[in-house]
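1. Predicted coordinates and the sequence they were generated for:
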Amino acid sequence: MEVVNTLVLAVLATGFLMVSRRSLDAVIRLYALQNVLLALVSFGLAKGELHFVLAGLALFVLKGVAIPWYLFWLLDRLEVSHEVEGYLSVSFSLLLAGLLTALAFRVGAVFVLPEAPLPQGVPVALSLVLLGMLSMVSRKKAISQVLGFLALENGVFLLALSESHGLPLFVELGVALDAFAAVFLAGVLIFRIKGEMGHVDTARMRALRG
Amino acid sequence: MLYGLLLLPLLVFLGRRDKGALVRLSVLLPILSALLAPLLLGQMAGPFRLDGVGLFYLLLTDLLYAVIALFARGYFSEEEAWRFYWAGGLFLGAAHGAYLAHNLGVLWIFVEGSTLASALLVYHKGGARVLEATWKYLMLGSVGIALGLIGVILVYALLSGATLDWREARALVGSANPEGLKLAFALLLVGFGTKVGLFPLQAWLPDAHAEAPGPASALLSGTLLNVAFYALLRYTALMQAAGLFPFASGLLLAFGLLSLLAAGFFLYGQKEYKRLLAYSSMEHMGLAVFALGLGLPWLALFHTLAHSLAKTLAFLGASGILALSHAKEVGRVGGLFRSLPALGVPFVLALAALGGLPPFPLFFAEFKAVEAAMRYPLLAAWYLVGLGLAFAGLLGPMTQMGFGPGRPWKAQGLDLWALWLLLAVLFLLGVRPPVEVFQALEVVLWTQ
């Protein structure tokens, strides 16, 4: 159990670093690392149950390898700067991230259900959800919003692991497939946005009002 | 067989890029599935099962889809038709999956799938405004639905990870921790409510509905909103089974009323008629949620049926007007009633129906809701204020577009009889609302 606890804390650390780094390459690598750690958490909880091993493997392949690879490929083809552009400074983002994490740990107790197999994971999962939302609203590049969404989605996955040994395998796979399709679709849209407007800055997309 | 029903819409890909074949398949496949579905009532296969409520929405979706697909024949050119019909096939498949799902997790997967497929429908050909609308839709829709997934996980954990099966969950939920269930329902309402377009989560809705090509707007408003609403119906029934309906009712009433009032304000002074229709969707989904909160699921079901028909009619009419006039603003379209009655009469009457005028079914639904809300006079008063606002917001554009000054156009190549068909059904439903059918559906929803 100690190993799993350490892993969960490491997941929280990757979530934190994703908010603070200014290079998109670093953020994507951190996202990949986060998935590897989550897969390890899944293996750690398995205790011989096949379903955890399969869910962990699917996570590792789809989200630890395929999605980061796709995002790197996208970034290369787009020919935009690899810098994260946000509305907030690094120190202010970190401060907000700290506050959100504190909030998650404060209210996390409400979310912990009596039979949760990994109660320590619940506040971390909520932190990831909140940090993902923070990335989505505070960043301008479309691709960093996708990364924020992916971090949020990882929080939901960790919540499922912590509360109830994860969802049934076929549901888990369906959810992962949906996430993959959403990211793929977002990638195609980002290409079109770049082609149409010459930038991937969602802050400058404001034709629709009222 | 249920798997067959699930995969039937995907056969549209057999049509490749041939427009004629795509139209035929897109009309015949939903009709075939509508004929097949009643025979499969009560059958189970894996995580899928078809009950009365699922059948009702499945039939509604299939039949409206067939009409829209037929109308779209004259709307899209040869080169771009395939985008609409392919994305439409994916969307119809996802909707089938959601209505057939007998498992809360599978329901979630297909609701999210329908978001992705409909994002393709909105995107269609691209362009700066459309890209912005699609991006907003994809991001907000995905985040909203992710919050819904947290709710699903909490429900699953509260059932001790025993089952996600709908019927088993209903039997077990009575012994689950009520505080946890309340939290889960709040998250589910926010999650699926984003997709239903409840205030203040509706930001994506007017953009997506206004920027999508006309027939796609009709699909989004007439059939897609129902998919998320159906999920809300299921979870409300789950809360009822757990003895927590009063809690759910409070949230539903509040969100429904807020959406009605907010939509009433947004409708006011809206210049583009497709955005107007989008806000009217927000209004009517709010009203359906309100009816559900009153403890009248049959009325909520009836409201969504009437809204789907009226809104499909209105959006098809609007897409016809846009195709002929190339003008998006209300002020640049006028005199439709006399210059182009084949299109103008059903369109203006659709607006009248959406405004809640008799003899149309939304009048009946709103009247019944006010009657039931009289138990809480303050609630009924706010409801009437909202209805009045929304009606006033629609009245101006209705008179301008129907009778006001404007250039006349000629209708070409559009299947306008589809509009008259929808109008006739709407009229019949208003004159003779089949209340017994919906009360029977309520029993199915509340007990099975």
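-> Okay, I see it. Numbering: from 1, shown residues only, chains lettered A, B, ... in the order given.

2. what does the average pLDDT come to for the helix ranked longest in chain A?
-> Among the elements of chain A assigned as helix by DSSP state H, the one spanning the most residues is helix A:169-197. If you average the pLDDT over helix A:169-197, you get 85.

3. And stretch B:249-267, by the same measure?
-> For stretch B:249-267, mean pLDDT rounds to 93.

4. In that stretch, which residues are buried?
-> Taking 16 or more other C-beta atoms under 10 Å in any protein chain shown as the neighbour-count basis, stretch B:249-267 is seen to contain the buried residues B:249, B:251-264, B:266-267. In short, each C-beta sits where N, CA and C put it, glycine included.

5. List the contacts of it.
-> The contact list for stretch B:249-267 (C-beta atoms under 8 Å, 6 or more residues apart in numbering or on different chains) reads A:210, B:185-186, B:189, B:193, B:197-200, B:202, B:206, B:236, B:276, B:279-280, B:282-283, B:285-295, B:379, B:382-383, B:385-390, B:393-394.

6. Which of the residues you listed fall in helices?
-> B:185-186, B:189, B:193, B:206, B:236, B:276, B:279-280, B:282-283, B:285-293, B:379, B:382-383, B:385-390, B:393-394.

7. filter those residues down to the ones near chain A?
-> If you filter the ones in helices among the contacts of stretch B:249-267 for contact with chain A, counting by C-beta under 8 Å from any C-beta of the partner chain, you are left with B:P206.

8. Tell me the confidence at the closest residue to B:A380 other than its chain neighbours?
-> Spatial nearest neighbour of B:A380, excluding adjacent residues (C-beta to C-beta, 6 or more residues apart in numbering or on different chains): B:A373 at 4.0 Å. According to the prediction, B:A373 has pLDDT 89.

9. Distance check, B:A373 against chain A.
-> Using C-beta to the nearest C-beta, to the nearest Å, one gets 30 Å for the distance from B:A373 to chain A.

10. Whichever residue of the stretch 51-200 of chain B sits closest to chain A sits in which helix or strand?
-> Proximity of the stretch 51-200 of chain B to chain A (C-beta to the nearest C-beta) peaks at B:G105, 3.3 Å away. If you go by DSSP states H and E, B:G105 is part of helix B:104-123.

11. between that helix and helix A:169-197, how many degrees?
-> Computed with axes from the mean of the first three to the mean of the last three C-alpha atoms, to 10 degrees, the direction of helix B:104-123 lies at 20 degrees from that of helix A:169-197.

12. counting contacts, what elements does helix B:104-123 pack onto?
-> Helices and strands in packing contact with helix B:104-123 are listed as helix A:169-197, helix B:81-100, helix B:128-158, helix B:178-196, helix B:204-211, helix B:214-219, helix B:225-241; criterion 3 or more C-beta pairs under 8 Å, 6 or more residues apart in numbering or on different chains; DSSP states H and E.

13. picking up where we left off before, from what I can see the residue of the stretch 51-200 of chain B closest to chain A touches A:L173, true?
-> No: in this structure B:G105 lies outside contact range of A:L173 using C-beta atoms under 8 Å: 10.4 Å.

14. Between the two, which is the more surrounded one?
-> With neighbours defined as other C-beta atoms under 10 Å in any protein chain shown, B:G105 and A:L173 compare such that B:G105 has more, 23 against 16.

15. Identify the spatial nearest neighbour of that one, chain neighbours not counted.
-> Excluding the flanking residues, the one nearest B:G105 by C-beta to C-beta, 6+ apart is A:V171, at 3.3 Å.

16. repeat for B:V330
-> Across the structure, with C-beta to C-beta, 6+ apart as the measure, the residue nearest B:V330 apart from its sequence neighbours is B:P397 (4.5 Å).

17. residues of the helix or strand in which B:L36 is found that come out buried?
-> Under the criterion of DSSP H and E, B:L36 resides in helix B:19-36. Applying a neighbour-count criterion of 16+ other C-beta under 10 Å, one finds B:19, B:22-27, B:29-30, B:32-34 buried in helix B:19-36.

18. ok, and the closest non-adjacent residue to B:G335?
-> Sequence neighbours aside, B:G406 is the residue nearest to B:G335 in space, at 4.7 Å (criterion: C-beta to C-beta, 6+ apart).

19. Who are the contact partners of A:A182?
-> A:149, B:112, B:116, B:138, B:142.

20. Out of those residues, which end up buried?
-> For those, buried by 16+ other C-beta under 10 Å: A:149, B:112, B:116, B:138, B:142.

21. how about the contacts of A:A182 in CSV, adding distance to B:G174?
-> Supplementary listing: these in CSV, determined by distance: C-beta to C-beta, whole Å:
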residue, distance to B:G174
A:F149, 36
B:E112, 29
B:L116, 35
B:L138, 38
B:S142, 33
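
22. closest to A:V129 among those residues?
-> Closest approach to A:V129 among the contacts of A:A182 (C-beta to C-beta): A:F149, at 10.6 Å.

23. Can you tell me how far that closest one is from chain B?
-> Taking C-beta to the nearest C-beta as the criterion, A:F149 is separated from chain B by 6 Å.

24. which element is that residue on?
-> Taking DSSP H and E as the criterion, A:F149 maps to helix A:142-164.

25. same for that helix, what does it pack against?
-> For helix A:142-164, the packing partners by 3+ C-beta pairs under 8 Å, 6+ apart come out as helix A:2-20, helix A:24-46, helix A:67-78, helix A:121-138, helix A:169-197, helix B:128-158.

26. Which one of those lies nearest to A:L99?
-> Comparison of the helices and strands packed on helix A:142-164 against A:L99 by C-beta to C-beta identifies helix A:121-138 as nearest, at 9.4 Å.

27. From the chain's centroid, how far away is the closest one?
-> 8 Å (C-alpha atoms, centre = their mean, to the nearest Å).

28. who does that helix touch, helix- and strand-wise?
-> The criterion is 3+ C-beta pairs under 8 Å, 6+ apart, and the helices and strands that helix A:121-138 contacts are helix A:2-20, helix A:90-111, helix A:142-164, helix B:128-158.

29. Pick out the residue in chain A sitting closest to chain B.
-> Taking C-beta to the nearest C-beta as the measure, chain A has A:V171 as its residue closest to chain B, at 3.3 Å.

30. Thought B:L107 was touching that residue, still the case?
-> No: applying C-beta under 8 Å, one finds A:V171 not in contact with B:L107, separated by 9.9 Å.

31. from memory B:N103 sits against B:R167, does it?
-> No: applying C-beta under 8 Å as the test, B:N103 and B:R167 come out as separate, 9.9 Å apart.

32. Same drill for the two, tell me which one is more crowded.
-> Applying other C-beta under 10 Å to B:N103 and B:R167 shows that B:N103 carries more neighbours, namely 23 against 14.

33. Any idea what that one is bridged to?
-> Legend: beta-bridge partners of B:N103 under DSSP bridges are B:D165.

34. Below-threshold pLDDT in chain A: ranges please.
-> A:209-210 (pLDDT under 70).
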